[in-house]
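Asks: how does the following fold in three dimensions:
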Amino acid sequence: MNRSSKLAEPLPLPFSGKVALVTGASSGIGRAAALAFGRAGACVVVADSSVDGGHATAAMIVENGGKALFVQVNVTRANEVEALIDKAVSYYGKIDCAFNNAGVEEENLQLADGDDAMFDRIMNVNVKGTWLCMKYEIRQMLKQGSGTIVNTASVAGLIGAPTQAVYAASKHAVVGLTKTAAAEYARSNIRINSVCPGVVKTTVLARALENDPEREDKLKNVHPFGRFAEPSEVANAALWLSSEQASFVTGHQLAVDGGLTAI
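Replies: Prediction:
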């Protein structure tokens, strides 16, 4: 057989040998990202408060030939987040990529109509949860000498969001955490960015629109594309930010919004 007739060597998977941690991975963007990391060769730590959904995501990765570990976690509790990082490292030896995606969106009110319980829940999960995850991930990545972190913010972290004041405040806070940490740890070879999705087609969105079909058209029409994002489209952006292709990108807020912030 001559050289030209030999089969080409398969290209290595972009995350082969890497360990990726994904929070909020039981559904939606988190599940799409966990599956994408698995397809790209990473060992995936699937983290979520939902046991059934988390195990289901991990099983999907394994069924597709990947490696996955599910860890139940409440990201608002420091001891559980610390235990998550410890378990991931004891199982796989390191954490190369972290995608802090866990979050809540339970608001459709003008600011003066909100209540303390709603404020506390949104801020605890979206801000404290992201901060705690970053805190313990960065400590591990400093030991390793490298790592990447991607946080899920939102277009509501870049612009105002009428009837979602607290949610917008929480996502502006995620952007602030991302920028500050990126500047603090760049010299330590840790890159930290965020994705800022527009409206994404998830089960949460479907439930929110069940009783208000007219709202669906209004939300679609604020995107120049005239549609919602697929979870995989946001996941792909998170993977790019986590990859070597984005090796000189840190402190960036990547809008995945179908042009919403362009108008």
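Asks: could you pull out the helices for the stretch 1-150 of the chain?
Replies: Secondary structure of the stretch 1-150 of the chain by DSSP state H, counting those that start in this stretch: the helices cover 28-39, 51-63, 78-92, 116-123, 129-144.
Asks: pick the most buried one from those.
Replies: Each of those was assessed for mean neighbour count using mean count of other C-beta atoms under 10 Å. The highest is helix 28-39, with a mean of 26. (Glycine included, C-beta is placed from N, CA and C.)
Asks: just the angle between it and helix 51-63, please?
Replies: 30 degrees (axes from the mean of the first three to the mean of the last three C-alpha atoms, to 10 degrees).
Asks: what score does the nearest residue to Gly251 once chain neighbours are set aside have for pLDDT?
Replies: Using C-beta to C-beta, 6 or more residues apart in numbering and skipping residues adjacent in sequence, the residue nearest Gly251 is Ala182, 3.4 Å away. pLDDT, Ala182: 99.
Asks: quick check: which element contains Ala182?
Replies: Element membership of Ala182 [criterion: DSSP states H and E] is helix 165-185.
Asks: now do that helix: everything it contacts.
Replies: Here helix 165-185 makes contact (C-beta atoms under 8 Å, 6 or more residues apart in numbering) with 103, 105, 107, 110-111, 114, 118-119, 122-123, 126-127, 130-131, 134, 138, 141-142, 149, 151-154, 156-158, 160-161, 191-194, 196, 250-253.
Asks: check contacts around Glu106.
Replies: Applying C-beta under 8 Å, 6+ apart, the residues near Glu106 are 118, 121-122.
Asks: any chance of those residues in a markdown table, plus distance to Glu214 and pLDDT?
Replies: What follows is those, written out as a markdown table (distance: C-beta to C-beta, whole Å; pLDDT from 0 to 100):
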| residue | distance to Glu214 | pLDDT |
| --- | --- | --- |
| Met118 | 24 | 96 |
| Arg121 | 27 | 97 |
| Ile122 | 25 | 97 |
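Asks: tell me the one among those residues nearest to Asn211.
Replies: Nearest to Asn211 among those: Met118, at 19.0 Å, using C-beta to C-beta.
Asks: so Lys171 versus Arg77, what's the distance?
Replies: Distance, Lys171 to Arg77, by C-beta to C-beta, to the nearest Å: 21 Å.
Asks: the two: who's more crowded?
Replies: Neighbour comparison, Lys171 and Arg77: the larger count goes to Lys171, with 29 against 14 (by other C-beta atoms under 10 Å).
Asks: still on that earlier bit, now distance to Ala246 too, for the helices of the stretch 1-150 of the chain, in CSV please.
Replies: Formatted as CSV, those follow (distance: least, C-beta to C-beta, whole Å):
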stretch, distance to Ala246
helix 28-39, 15
helix 51-63, 23
helix 78-92, 22
helix 116-123, 29
helix 129-144, 16
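Asks: out of those helices, which gets nearest to Pro14?
Replies: Across those, closest to Pro14 is helix 28-39 (C-beta to C-beta), at 9.7 Å.
Asks: who touches that closest one?
Replies: 13, 15, 20, 22-25, 44, 46, 48, 53, 57-58, 60-61, 64, 66-68, 97, 99, 101-102, 152, 197, 200, 202-204, 230-232, 234-236, 238-239, 242.
Asks: before we move on, what about stretch 239-247?
Replies: 14-15, 20, 33, 36-37, 40, 97, 99, 148, 150, 191, 193, 195, 249, 252, 254.
Asks: what sits against His55?
Replies: His55 neighbours (C-beta under 8 Å, 6+ apart): Phe70.
Asks: show the pLDDT at it.
Replies: Looking at His55, the pLDDT reads 98.
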